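Engineer: Everything below, folded, please.
(chains A and B)
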Protein chains: 2
Amino acid sequence: MKVVFVGSGNLATHLATALHEKGICISQVYSRTTSNAKMLAEKLQTTYTDDPDQIVQDADIYFYALKDDALAEFLKKVNLPDAIHVHTSGSVSISIFRELTYNYGVFYPVQTFTKDKLVDFSTTPICIEAANSLVEEELIQLAELLTNKIYNINSEQRKVIHLAAVFACNFSNYMYDASAEILNDAGLNFEILKPLISETADKIRTLTPYNAQTGPAVRFDKNIMDKQIAILKPYPALKKIYKLISKNIYLRHLKK
Amino acid sequence: MKVVFVGSGNLATHLATALHEKGICISQVYSRTTSNAKMLAEKLQTTYTDDPDQIVQDADIYFYALKDDALAEFLKKVNLPDAIHVHTSGSVSISIFRELTYNYGVFYPVQTFTKDKLVDFSTTPICIEAANSLVEEELIQLAELLTNKIYNINSEQRKVIHLAAVFACNFSNYMYDASAEILNDAGLNFEILKPLISETADKIRTLTPYNAQTGPAVRFDKNIMDKQIAILKPYPALKKIYKLISKNIYLRHLKK
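Structural biologist: Have a look, this model is predicted:
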């Protein structure tokens, strides 16, 4: 089976590398940024192009791992060869391919991909959506090379999962970042919070996040909250976030 | 060495249990809530009281693990016996003991303590502050029974650490909770996000949170953000949080 990757960002890099390591032949990498295409192609010991017209036409599966806007733009410019075409986006509907080809689908790993950080695909859920059972079988076979957490998820559900992932991953990471900023400015080392961050993430493996909630806001300890808001005086943005999230934690736990 | 615990909440329960397991004699538990005092005392095979006047006077160390307001109130009501007195609060200054006794300090574990979830103290940092070197030595010895991550931290620094911990732990847990709420309402299982949450927490062991940031906001993918804000229509509070945090992620990464 020959696979072409359109895109060379973090998701493309990690997914293509993982498939390559499982013996899948990545026959070409396309990126409009030549240096990125080249870098990923070298990693995969394959060829690359930065010209949409030079994309090989004989692959079995074309993976599109582009930003949503870029994917829509790209699909306007090319004629899709007769093959399976899949995108990897949480927020783009499967129907983006509908007018362009017959065999298409979505292959969405629910994971965060960062430069310089290996990802364990064996624990990564992969959400599959397919235009027909032929595509579904192919995508499940590919996914099974990487993980046993395979979900059939339609486009509406996938958008919800992607939104939830923004909260659970991007926004929680921003909370780490805010804490690191506060500590660094006070000459303190972020290292001291790492065990707490691990434990916070670990807790929700056995408790619901609702039951795992601790801190001054959930017990409405106004004394501590007022003191902490005072410390945040030099950080107007974080102060606003502190007040808004504290209020919401309190209200959420008041309700039940 | 005989230790009395004043308080029977999550921190008191986990810390007293951990010290008990290391062979420290917890000679009494006090709580104004009789049933809580009794429950913890049974766990520690010791005695309890709900009457401040019945607290034993012959212990070597008194641990105060109370809410900040309750600690201030409690200390007004009692005469402290000649012993070491320490509180476990991130946000209360060591000076709360200054007028009351000579040997006092702070023993603050940087951790989140929840009912029904064991905590690994060996990885938990403990922040020590002491009125004098005698107290410091005693507290370090106690802390060393539990962990090798012992930090000398003064009251101002501790308040900053506690504030940072609210962001890193309480607020990131709220983000998990928000994601669980969104998924549950759509009939989807929170299970699908657990590997992502683990990886997000794992990333910051080797990357700074700043460099670990991913998602639509950091790359200012307005297309996705607008779509996600639209999905959040039934969640006005989460919509407000989404907009505020996304804006701040974007601005933070624009700055550098």
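
Engineer: the helices in chain A, which residues?
Structural biologist: Counting by DSSP state H, chain A has helices at residues A:10-21, A:34-43, A:68-77, A:133-146, A:155-165, A:172-185, A:194-203, A:209-212, A:222-231, A:236-255.

Engineer: Relative to A:Tyr108, which of these is closest?
Structural biologist: Smallest distance to A:Tyr108 across the helices of chain A (C-beta to C-beta): 5.8 Å, for helix A:155-165. Quick note: C-beta positions are derived from backbone N, CA and C, even for glycine.

Engineer: Specify the angle between the closest one and helix B:222-231 in degrees.
Structural biologist: 100 degrees (axes from the mean of the first three to the mean of the last three C-alpha atoms, to 10 degrees).

Engineer: tally of neighbours for the residue in the stretch 1-150 of chain A that chain B sits nearest to?
Structural biologist: Closest contact between the stretch 1-150 of chain A and chain B, by C-beta to the nearest C-beta, is at A:Thr123 (4.6 Å). Neighbourhood size, A:Thr123 [other C-beta atoms under 10 Å in any protein chain shown]: 15.

Engineer: which residue sits closest to it, ignoring its sequence neighbours?
Structural biologist: B:Pro195 (4.6 Å; C-beta to C-beta, 6 or more residues apart in numbering or on different chains).

Engineer: How about A:Lys77?
Structural biologist: Using C-beta to C-beta, 6+ apart, the closest residue to A:Lys77 is A:Pro52 (5.5 Å).

Engineer: give the contact list for that neighbour.
Structural biologist: Contact analysis of A:Pro52 by C-beta atoms under 8 Å, 6 or more residues apart in numbering or on different chains lists A:Tyr30, A:Phe74, A:Lys77, A:Val78.

Engineer: Quickly name whichever of the residues you listed is closest to B:Leu139.
Structural biologist: Using C-beta to C-beta, A:Tyr30 comes nearest to B:Leu139 of those, at 61.3 Å.

Engineer: which non-adjacent residue is nearest that closest one?
Structural biologist: For A:Tyr30, ignoring the flanking residues on the chain, the nearest one in space by C-beta to C-beta, 6+ apart is A:Val6 at 4.7 Å.

Engineer: residue farthest from the centroid of chain A?
Structural biologist: A:Asn223 (38.5 Å; C-alpha atoms, centre = their mean).

Engineer: so that one sits right up against B:Ala70, yeah?
Structural biologist: No. The pair A:Asn223 / B:Ala70 is not scored as a contact, 10.1 Å apart, by C-beta atoms under 8 Å.

Engineer: Quick one: residues contacting A:Leu207.
Structural biologist: B:Thr114, B:Asp116, B:Lys117.

Engineer: count of residues packed around A:Phe63?
Structural biologist: Neighbour tally, A:Phe63, other C-beta under 10 Å: 25.

Engineer: Verify the stated contact: it with A:Ala18.
Structural biologist: No. Using C-beta under 8 Å, A:Phe63 is not in contact with A:Ala18, being 11.8 Å away.

Engineer: which residues of chain A score low on pLDDT?
Structural biologist: A:255-256 (pLDDT under 70).

Engineer: ok, now which ones touch A:Tyr176?
Structural biologist: Applying C-beta under 8 Å, 6+ apart, the residues contacting A:Tyr176 are A:Leu193, A:Ile197, B:Phe167, B:Ala168, B:Ser172, B:Ile204, B:Pro209, B:Ala212.

Engineer: again with A:Arg32
Structural biologist: A:Asp50.

Engineer: ok so, going back, just the contacts of A:Leu207 that are near chain A?
Structural biologist: B:Thr114, B:Asp116, B:Lys117 (C-beta under 8 Å from any C-beta of the partner chain).

Engineer: So the first one sits against A:Gly215, correct?
Structural biologist: No. With contact defined as C-beta under 8 Å, B:Thr114 does not count as touching A:Gly215 (10.8 Å).

Engineer: so who does whichever residue of the stretch 51-200 of chain A sits closest to chain B touch?
Structural biologist: Relative to chain B, the nearest point of the stretch 51-200 of chain A is A:Asn170 (3.1 Å; C-beta to the nearest C-beta). Going by C-beta under 8 Å, 6+ apart, A:Asn170 touches A:Thr112, B:Gln213, B:Thr214, B:Gly215, B:Pro216, B:Ala217, B:Val218, B:Ile249.

Engineer: could you check the distance from the fourth one over to B:Phe167?
Structural biologist: As judged by C-beta to C-beta, to the nearest Å, B:Gly215 and B:Phe167 stand 17 Å apart.

Engineer: Kindly report the same for the first one.
Structural biologist: Here the criterion is C-beta to C-beta. By it, A:Thr112 lies 19 Å from B:Phe167.

Engineer: the more surrounded of B:Gly215 and B:Phe167?
Structural biologist: Neighbours per residue (other C-beta under 10 Å) separate B:Gly215 from B:Phe167, with B:Phe167 holding more: 28 against 22.

Engineer: quick one, what contacts the more buried one?
Structural biologist: By C-beta under 8 Å, 6+ apart, the contact list for B:Phe167 reads A:Met175, A:Tyr176, A:Ala178, A:Ser179, A:Ile182, A:Leu238, A:Tyr242.

Engineer: could I get these as CSV with distance to A:Gly23?
Structural biologist: As requested, the contacts of B:Phe167 are exported to CSV (distance: C-beta to C-beta, whole Å):
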residue, distance to A:Gly23
A:Met175, 40
A:Tyr176, 36
A:Ala178, 43
A:Ser179, 42
A:Ile182, 47
A:Leu238, 48
A:Tyr242, 50
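
Engineer: For PyMOL, what selects the buried ones among the residues you listed?
Structural biologist: Here is the PyMOL selection string for the buried members of the contacts of B:Phe167, based on 16 or more other C-beta atoms under 10 Å in any protein chain shown:
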select buried, chain A and resi 175+176+178+179+182+238+242
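
Engineer: now, among the contacts of B:Phe167, which is nearest to B:Ala143?
Structural biologist: The closest of those to B:Ala143 turns out to be A:Ser179 (C-beta to C-beta; 22.6 Å).
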